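Asker: coords please:
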Amino acid sequence: MSAVLPEASGDARTFPVLVSVENRKGHVRGGMLAMVEFQSASARAGVVVPSDALVRKDTGQVVYVIGPEDVVVEQPVSTGTAAGSWVDVSVPVREGDRVVTRGNERLTNGQGVVAKRLEYPFP
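Answerer: Next up is the predicted model:
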């Protein structure tokens, strides 16, 4: 990476980055577009959930985990890195937990639900 320019777009949540690439054969030309992925130096193993599972409350963000009797338990979480529609969350959410991603803004702790499996493609 050559430089991160200080011209961020708050609406689009983007910012320009200058990247240096070898172009000995001249295949890269002005006006071309490229998709670039950067590996985060702070990547860590953790639990990821669909971003739709996050509910903002006055006290912070929560995720509703579906318990064994199809009763939801409100779990406060803090978020980490995101990739596509997935976001890294803190414990007490564990790998394999079922989380609510639709209608969760209307739930209350201890409420019963009828779970329907939804697929979220992982990036």
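Asker: shaky segments in this protein?
Answerer: 1-10, 12-13, 38-45, 123 (pLDDT under 70).
Asker: can you rerun that using 90?
Answerer: Counting by pLDDT under 90, the chain shows low-confidence ranges at 1-22, 28-47, 68, 80-86, 90-92, 95-96, 119-123.
Asker: how about the strands in the chain?
Answerer: 3-4, 17-18, 47-50, 55-57, 60-66, 72-77, 79-83, 86-89, 98-99 (DSSP state E).
Asker: Please identify which of these is closest to Asn109.
Answerer: Smallest distance to Asn109 across these (C-beta to C-beta): 4.2 Å, for strand 72-77. The way it works is simple: take the backbone N, C-alpha and C, and place the C-beta from them, glycine included.
Asker: you'd agree Leu118 is up against Thr101?
Answerer: Yes: between Leu118 and Thr101 there is a contact at 6.1 Å, judged by C-beta atoms under 8 Å.
Asker: In this structure, which residue is most central in space?
Answerer: Val87 (2.5 Å; C-alpha atoms, centre = their mean).
Asker: Check whether that one really touches Val93, as I assumed.
Answerer: No: assessed by C-beta under 8 Å, Val87 is found out of contact with Val93, at 10.8 Å.
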